[in-house]
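In: Next one to model:
(one chain, ligands or ions: 1)
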Amino acid sequence: MENQYIQWFPGHMTKTKRKIKESLKLIDVVVEILDARIPISSSNPDLAELLSSKPKLVLLNKCDKANRNATNQWITYYHNKGIKAIPVDCKSGRGLNKFVPAVREILSDKFKAQQAKGLKSPILRVMIVGIPNVGKSSFINKISKQTRAKVEDRPGVTRGNQWYTISSDLEMLDTPGVLWPKFDDQKVALHLAFTGAIKDNILDIESLAMDFLELMQNHPTDEFLARFKLKADDIQDLQPFEMLELIGRKRGMLISGGEIDTERAANLIFDEYRGGKFGFITLEYPEEL
Ligand code: G4P
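Out: Now for the predicted structure:
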């Protein structure tokens, strides 16, 4: 994919990185929220090094839209690296009951050590990190409701940082600052755009749709083909623009003169894909790493 039509103007990461570094002193576990459909593209490339001193829990969010087999592959991938990963759907709340037990499991040695010394269990503190649109607010809202978490602002600790009390022995810190994905990698940019992590109004939607259709041409799902009454062979030899026109024609999207409204067709493709109408599609697999 060599298109350069996705332009990025990310803010500076330096301040966020410094704040995260400062906050690391206050926490025991980092919770990284990723999009289960694009675990590579939805991660921040600088985090691994920055956070290496702390244990990590990965939440594979939006698993309701991902391919279940692929999500399981990702869980195994993380497991083999000694990292616990759990699939969650922060829109419905599915899977979130595993969150607190997972944090406790990660910190069980710390618990045991404290108990062996006859000390009361310490308060566990976690920090939530994730790129914009990955579902951080949804996670915090859902977990707060489930646990009736109290929101606290603690001026003087790290100004502006938001702490949530999840239970008497578990507290959560929202990320201080914004983390960006690896914008300069065009494949990453496309995957973020396909999944809707980037607002469409800054994108050339027809070019984006053509890139998406190339993906469907190479890996068509039954749902995609059925949706447009196509056979895999029908699209095999088409150019991307021809596929876009074909889909517009199938849906009767004509403008004056009998031309096909390819912009409308492009918007339709993303509405349907993001609405799950093309099946559960994961765009990235562990073997790509
Ligand atoms: P952020 O704080 O990390 O920026 O993300 P936020 O929670 O605002 O979520 C971004 C979008 O992703 C929201 O959709 C949200 O509803 C959706 N979302 C979050 N988690 C999940 C999930 O597990 N599954 C699904 N299917 N969607 C999820 P939106 O369209 O911007 O808002 P809304 O219309 O859904 O409220």
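In: Next, count neighbours for Leu107.
Out: Neighbour count for Leu107, taken as other Cβ atoms under 10 Å: 21. For glycine as for every other residue, the C-beta is placed from the backbone atoms N, C-alpha and C.
In: Quick check: which element contains the residue nearest to Ile38 when sequence neighbours are not counted?
Out: Distance criterion Cβ to Cβ, 6 or more residues apart in numbering; nearest residue to Ile38, sequence neighbours excluded, is His191 at 4.6 Å. Element membership of His191, judged by DSSP states H and E, is helix 186-194.
In: Check which residues of that helix are buried.
Out: For helix 186-194, a neighbour-count test (16 or more other Cβ atoms under 10 Å) marks 187-194 as buried.
In: what's the closest of those to the ligand?
Out: Nearest to the ligand, judged by Cβ to the nearest ligand atom, of those is Leu192 at 12.2 Å.
In: surely the closest one meets Ser43?
Out: No. Look at Leu192 against Ser43 with Cβ atoms under 8 Å: they stay out of range, at 11.2 Å.
In: quick one: common contacting residues for those two?
Out: Jointly contacting Leu192 and Ser43 under the rule Cβ atoms under 8 Å, 6 or more residues apart in numbering are Pro181.
In: can you pull out the helices in the protein?
Out: Using DSSP state H, the helices of the chain run over 14-24, 47-50, 68-80, 99-106, 108-116, 136-147, 186-194, 205-218, 222-227, 232-236, 240-250, 262-274.
In: dump the residue contacts of the residue nearest to Ile38.
Out: Going by Cβ under 8 Å, 6+ apart, His191 touches 37-38, 40-41, 283-284.
In: And these, which two are furthest apart?
Out: Using Cβ to Cβ, the two most remote members of the contacts of His191 are Arg37 and Ile40, lying 10.4 Å apart.
In: out of the two, which sits in the busier spot?
Out: Ranked by neighbour count (other Cβ under 10 Å), Arg37 and Ile40 place Arg37 first, with 25 against 21.
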